[in-house]
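Chemist: quick one, what's the 3D model for this:
(one chain, ligands or ions: 2)
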Amino acid sequence: MADKIKDAKIIFVVGGPGSGKGTQCEKVVAKYGYTHLSSGDLLRAEVASGSERGKTLQAIMQKGELVPLDTVLDMIKDAMIAKADVSKGFLIDGYPREVKQGEEFEKKIGAPCLLLYIDAKGETMVKRLMKRGETSGRADDNEETIKKRLDLYYKATEPVITFYTSRGIVRKIDSELPVDEVFGHVAKAIDELK
Ligand SMILES: Nc1ncnc2c1ncn2[C@H]1C[C@H](O)[C@@H](COP(=O)(O)OP(=O)(O)O)O1
Ligand SMILES: [Mg+2]
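Modeler: Ligands and ions are numbered 1, 2, ... in the order given. The predicted structure is shown next:
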């Protein structure tokens, strides 16, 4: 079953909270028909289901912390397998959050051909998240949790970018620009994949 995924392109979409990952992924889905899997959305769906696992997850996410690696990875893998027959590509949004998560993903699923590094300034991310928080209903879009998520991003996730840069698959995208201009750069990076 994991072989079915082997031929599909795997793209990691990495960036801080509020950098614009979800926004860009939606546009990639519209243009390229890739499957968008946001680890955060998968986890929030589990929370919404009201399951026991969901309750544990909610407590962790509300604190702005990372949920156990195996939980996220299993959810991503199940979602990929469910789409394997119809998908030409997968956007893995918000994962890996730390280098170890990337290593486990490659062991269990496969190697990414591209890492889109959606880059925005800390102050920009805070501003966008506070605005998003007005309507998102997300328990973690509040000032205190935002600070923790940003700290954790710089500490745990930036090393992910360094790790994949050494492999030559990172494309840094300036996400301070208007959404459509950002997407122009994202599309260029995808078009350059063979
Ligand atoms: N290039 C851009 N310019 C202005 N606002 C942007 C933007 N990209 C995204 N946004 C807005 C949309 C959302 O309300 C908020 C966070 O975007 P998002 O796509 O939900 O981020 P992420 O998925 O990285 O957390 O910022
Ligand atoms: Mg998102």
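Chemist: confidence score at the residue of the chain positioned farthest from its centre?
Modeler: Here the centre of the chain is the reference, and by CA atoms, centre = their mean the most remote residue is E52, at 24.2 Å. Note on E52: pLDDT of 94.
Chemist: up against ligand 1, what does the chain have?
Modeler: Applying CB under 6 Å from any ligand atom, we find that the chain lies next to ligand 1 at 15, 17-23, 128, 131-132, 175, 177-179, 182. C-beta coordinates here come from the backbone N, C-alpha and C atoms, glycine included.
Chemist: go with 5 Å
Modeler: P17, G18, S19, G20, K21, G22, T23, R128, R132, V179, V182 (CB under 5 Å from any ligand atom).
Chemist: mind checking which of these are buried?
Modeler: P17, G18, S19, G20, K21, G22, R128, R132, V182 (16 or more other CB atoms under 10 Å).
Chemist: in TSV: those residues, plus secondary structure and pLDDT.
Modeler: TSV is the format used below for those (DSSP: H, G, I helix; E, B strand; the rest coil; pLDDT from 0 to 100):
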residue	secondary structure	pLDDT
P17	coil	96
G18	coil	97
S19	coil	98
G20	coil	98
K21	helix	98
G22	helix	97
R128	helix	98
R132	helix	97
V182	helix	98
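Chemist: just put these in CSV and tack on distance to I10.
Modeler: Formatted as CSV, these follow (distance: CB to CB, whole Å):
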residue, distance to I10
P17, 22
G18, 24
S19, 20
G20, 20
K21, 15
G22, 18
R128, 27
R132, 27
V182, 21
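Chemist: nearest to K9 among the residues you listed?
Modeler: Distances from K9 to those, taken as CB to CB, are shortest for K21 (17.2 Å).
Chemist: which residues touch the closest one?
Modeler: By CB atoms under 8 Å, 6 or more residues apart in numbering, the contact set of K21 is V13, V14, G15, S38, D93, G94, I118.
Chemist: quick one: the strands in the protein, in order.
Modeler: In the chain, the strands defined using DSSP state E lie at 9-15, 35-38, 89-93, 114-119, 170-174.
Chemist: and those: which comes nearest D140?
Modeler: strand 35-38 (13.6 Å).
Chemist: report the strands that pair with that closest one, each with its relative direction.
Modeler: strand 89-93 (parallel) (DSSP bridges).
Chemist: the inter-axis angle of the strand it pairs with versus strand 9-15?
Modeler: 20 degrees (axes from the mean of the first three to the mean of the last three CA atoms, to 10 degrees).
Chemist: in strand 89-93, what counts as buried?
Modeler: Under the neighbour-count criterion of 16+ other CB under 10 Å, strand 89-93 has G89, F90, L91, I92, D93 buried.
Chemist: now stretch 53-72
Modeler: Applying 16+ other CB under 10 Å to stretch 53-72 flags G54, L57, Q58, M61, G64, L66, V67, L69, T71, V72 as buried.
Chemist: check stretch 146-157 too.
Modeler: I146, R149, L150, L152, Y153, A156, T157.
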